[in-house]
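Enquirer: I need the structure of the sequence given here:
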Amino acid sequence: MMIPLGFLDEASLQDISALPIHDLRQLLSRLKEAIETQDKRRKILTEALKLRFGVTARTLLNQDGKDTGTVRFQEDGCTVTSTFRKKVDWDQDGLARVLKESPQLRDHIRVTLSVEEKVFSQLSEEFQKLLEPARSVKVGGYDFTIHGEQNDI
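Expert: Presented below is the predicted three-dimensional model:
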């Protein structure tokens, strides 16, 4: 007999741990498959939301002079919240040159030759300009949330 995955929601840890090894293996295998299926579905839905709302969200960000961040807009009585996460990469050779020319920045640059974004934003404009040629900012991901009159989804 196949134990339903819902058993994990209802049973105690003791009851679950007392199951025969073959049942545990089967539950683990089915749970892994369910997680993979849900992850695939989430990715498909996220890409569909990007297709539907991405241009509007990107346009609103660009109007504010930004490539990343969060914007909100209305559609059919719902508020769509779109977040384009920041992903910063550093040119290792460029950082090495900056470090050679400005050793006082050594405490702000990791051994991997990167600069934490929080640290970069707190540096003087002069130092930021020195580092800027070695810095590139990309969208690190995106999220969409839809709020309506019903419970939030």
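
Enquirer: quick one, helices of this structure?
Expert: For the chain, helices defined by DSSP state H occupy the ranges 7-10, 13-17, 21-63, 92-101, 117-122, 125-131.

Enquirer: buried residues in the last one?
Expert: Across helix 125-131, burial judged by 16 or more other C-beta atoms under 10 Å covers F127, L130, L131. The way it works is simple: take the backbone N, C-alpha and C, and place the C-beta from them, glycine included.

Enquirer: What about L13, how many residues nearby?
Expert: Using other C-beta atoms under 10 Å as the criterion, L13 is surrounded by 8 other residues.

Enquirer: could you list every residue that touches it?
Expert: By C-beta atoms under 8 Å, 6 or more residues apart in numbering, the contact list for L13 is empty.

Enquirer: Can you name the residues that contact P4?
Expert: Here P4 is in contact with no residue (C-beta under 8 Å, 6+ apart).

Enquirer: So what does it look like in phi/psi?
Expert: When read as degrees, to the nearest 10, the backbone of P4 gives phi -70, psi 150.

Enquirer: Show the low-confidence segments of this structure, by residue range.
Expert: Scanning the chain for pLDDT under 70 picks out 111, 146, 149-153.

Enquirer: Can you say which of the helices of the chain is nearest to K138?
Expert: helix 117-122 (12.3 Å; C-beta to C-beta).
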